[in-house]
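Q: Show me how the following folds:
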Amino acid sequence: MACSSATTSTAADAATTPTPQAAGAGAPASVAAPEGDDPAADPADAVADAEDGASAADAWRDIELFDVGSGASFTLASLEGQVVAIEPMAVWCTNCKAQQDNVKPAYGDIEASEVRHISLGIDPNEDAGTLARYAERRGYEWTFTKSPAELSRSLSDLLGSQVLSPPSTPLIVLDASGEIVISELGFHGPDALLDILREAGA
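A: Sure thing, here's the model as predicted:
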């Protein structure tokens, strides 16, 4: 799966944005190699083990999520066919608010491009009600959802621990096939965000 680690930011943002690190650096391999050279081992077992490992690595796509506004359930796998933008965030994060204020004026164009934009609440101390009140108060109309612990762990394993650092303003983009094609840190203005989504196929 291809990931871009380039980061877009402005000079004005640089003073308040943590220095981005390459997303995915040091992420562990998701499939363990078969042990030993046992001549009696069945090659079919090794293939099955590899497939099981690959399935586990992709399990994050099938974790049930809930839109805190509507209560509707969905999975990231169910959004296949759309470009999906995911921003890990927390309601206490001032950098997240600034980035979401950049999303707000672009959201009409994002929605028209049939992109699903998701704010993913990753603070375990913030519940669905907290996220719903935050989105309503600030006039954010896209999907907000609470990240289950297993999804947060999977994203950290895949992309590195800084993807769970809200002040780094992470952005994860899935293409229409559900593959992660972009993982970046840093502020994105409305035009830059739209360019990134078009690059992903929107």
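Q: Flag the shaky bits of this structure, pLDDT-wise.
A: 1-57 (pLDDT under 70).
Q: where exactly do the helices run in it?
A: 11-14, 43-57, 94-112, 128-138, 149-159, 190-199 (DSSP state H).
Q: Run through who's touching the fourth one.
A: Translated: helix 128-138. Under the criterion CB atoms under 8 Å, 6 or more residues apart in numbering, residues 66, 68-69, 91, 97, 100, 119, 121, 140-141, 144-146 lie in contact with helix 128-138. Placement of C-beta: from N, CA and C, glycine included.
Q: Just name the closest of the residues you listed to G201, please.
A: S119 (21.1 Å; CB to CB).
Q: Next, count neighbours for the closest one.
A: 25 (other CB atoms under 10 Å).
Q: Ok, the one 10 residues further on next?
A: By the measure other CB under 10 Å, the count of residues near G129 is 10.
Q: so how far is V91 from it?
A: As for G129, its distance to V91 is 11 Å (criterion: CB to CB, to the nearest Å).
Q: Then F74?
A: 21 Å.
Q: Could you do S156 as well?
A: From S156 to V91 the distance is 20 Å (CB to CB).
Q: Neighbour count for these two, which is higher?
A: V91 (20 against 17).
Q: Spit out the contact partners of that one.
A: With CB under 8 Å, 6+ apart, V91 has these contacts: 121, 123, 126, 130-131, 134.
Q: Now these in CSV, please, with extra columns for distance to L174 and neighbour count.
A: What follows is the contacts of V91, written out as CSV (distance: CB to CB, whole Å; neighbours: other CB atoms under 10 Å):
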residue, distance to L174, neighbour count
G121, 18, 25
D123, 22, 19
E126, 23, 17
T130, 26, 18
L131, 21, 24
Y134, 24, 22
